[in-house]
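Q: got a structure for you, letters missing:
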């Protein structure tokens, strides 16, 4: 079993399915079962949380911005994945808004990858500054709680936001990725 197979086995068995990883090694890229293996000059685990589809993101292209280079200290939560109807070029700068959770939420990020799938384009967006990463991580937790509340309603359970938050925190908060930049 090669190194990539060992990593895929670990990731698939040890982490929540809502989290995708990008591993940095040296010089080429692989894609297998929604787990992205990027080869670069060092090994760094970057985690992308899948944003719930029932809470639409607005993603708009903006003028490319300089982002800090990725380094060996960058590990943990760095961004989100999302399914959109349009493709985005890797490396392009985008602005993200999420009206349903916070009308004032607006951050800039960068497209890490974009893959055509049967249900649309799966994109990964990283947020390379500590401040933006922190804001996105907090908004994503709120999004996950709202998604949990909506799923409970579909299952016939009526939860207010505080009840849903308490249940989600008890069940999932410990496995939600932390970040370190």
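A: Arrived safely. Remember, predicted model here, so these are calculated numbers, not experimental data.
Q: okay, and for this protein, where does confidence drop off?
A: With pLDDT under 70 as the threshold, the chain has low-confidence stretches at 1-46, 68-77, 179-181.
Q: break down it into its strands, ranges please.
A: 19-24, 29-32, 35-38, 45-50, 58-61, 75-84, 93-98, 102-117, 120-126, 179-180 (DSSP state E).
Q: quick one: residues in contact with stretch 130-145.
A: Residues from elsewhere that reach stretch 130-145, judged by C-beta atoms under 8 Å, 6 or more residues apart in numbering: 18, 49, 51-52, 55, 77-80, 96, 98, 101-102, 105, 107-109, 127, 161, 164-165, 168-169, 172-173, 176, 179, 181. All C-beta atoms are positioned from the backbone trio N, CA, C, and that covers glycine.
Q: so which bits of it are buried?
A: Neighbour counts using 16 or more other C-beta atoms under 10 Å place 132, 133, 135, 136, 137, 139, 140, 141, 142, 143, 144, 145 of stretch 130-145 among the buried residues.
Q: in helices only, show me those residues.
A: 132, 133, 135, 136, 137, 139, 140, 141, 142, 143, 144, 145 (DSSP state H).
Q: do you know how far the fourth one is from residue 157?
A: In this structure, residue 136 lies at 28 Å from residue 157, with C-beta to C-beta, to the nearest Å as the measure.
Q: need the buried residues of stretch 130-145 in a markdown table (columns: distance to residue 67).
A: Shown next, in a markdown table, are those (distance: C-beta to C-beta, whole Å):
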| residue | distance to residue 67 |
| --- | --- |
| 132 | 10 |
| 133 | 11 |
| 135 | 16 |
| 136 | 14 |
| 137 | 17 |
| 139 | 19 |
| 140 | 19 |
| 141 | 23 |
| 142 | 25 |
| 143 | 23 |
| 144 | 25 |
| 145 | 29 |
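Q: identify the farthest-apart pair in these.
A: For these, the farthest-apart pair by C-beta to C-beta is 132 and 145; their separation is 20.5 Å.
Q: give me the number of residues near the residue lying closest to residue 58 once chain neighbours are set aside?
A: Residue nearest to residue 58 in three dimensions, not counting chain neighbours: residue 97, with 4.5 Å by C-beta to C-beta, 6 or more residues apart in numbering. Residues near residue 97, counting by other C-beta atoms under 10 Å, number 17.
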